[in-house]
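Novice: what follows is a predicted structure for the sequence shown.
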Amino acid sequence: MRSCSTCRSQEEEHRFLEPDEADWLKKELDTNNVDTFMVCLAWVGGGAKQCRNLRTYWQEKPFRKPLRLPEPE
Ligand SMILES: [Zn+2]
């Protein structure tokens with residue numbers, strides 16, 4: 001569960017979503033169950049920001065197009 005489809009890496013750290021992130025994703029996907037989603041923590045752009053690409057625990061590409069969490073405020 002460490003691979004990321006947009007980083008093209010097999011070893012990126014992922015974590016489960018924080019409550020505010022889960023709320024955003026529930027609206028985005030129009031579902032109440034986002035418990036299996038994880039966000040990629042890899043640093044991209046020379047360390048300027050994090051990847052934040054979403055996957056599920058068991059599926060590297062749950063969407064037809066990659067979906068990223070919005071940047072934190
Ligand atoms: Zn990534």
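Specialist: Okay, I see it.

Novice: quickly list what the residue nearest the centre of the chain is bridged to.
Specialist: With distances taken as C-alpha atoms, centre = their mean, the residue of the chain nearest its centroid is residue 54 (2.1 Å). When assigned by DSSP bridges, residue 54 has beta-bridge partners residue 39.

Novice: ok, it - contacts?
Specialist: Residues near residue 54 by C-beta atoms under 8 Å, 6 or more residues apart in numbering: 25, 37, 38, 39, 40, 62, 63, 66, 67, 68, 69. (Each C-beta comes from the backbone N, C-alpha and C, glycine too.)

Novice: go again using 10 Å as the cut-off
Specialist: Going by C-beta atoms under 10 Å, 6 or more residues apart in numbering, residue 54 touches 4-6, 14, 17, 21, 25, 28-29, 34, 37-40, 61-63, 66-69.

Novice: and the protein, which of its residues are near the ion?
Specialist: Proximity of the chain to the ion (C-beta under 5 Å from the ion) is limited to residues 4, 7, 12, 40, 42, 51, 53.

Novice: can you flag the buried ones in those?
Specialist: Listed as buried from those are 4, 12, 40, 42, 51, 53; burial here means 16 or more other C-beta atoms under 10 Å.

Novice: need those residues in CSV (columns: distance to residue 73).
Specialist: Putting those into CSV (distance: C-beta to C-beta, whole Å) gives the following:
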residue, distance to residue 73
4, 24
12, 24
40, 19
42, 21
51, 18
53, 19
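
Novice: just the residues of the chain next to the ion: which are in helices?
Specialist: Residues of the residues of the chain next to the ion located in helices (DSSP state H): none.

Novice: can you map out the strands along the protein?
Specialist: 14-16, 37-40, 43-44, 49-50, 54-56 (DSSP state E).

Novice: could those strands go into a markdown table alongside mean pLDDT?
Specialist: Below are the strands of the chain laid out as a markdown table (pLDDT from 0 to 100):
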| stretch | mean pLDDT |
| --- | --- |
| strand 14-16 | 96 |
| strand 37-40 | 97 |
| strand 43-44 | 93 |
| strand 49-50 | 93 |
| strand 54-56 | 97 |
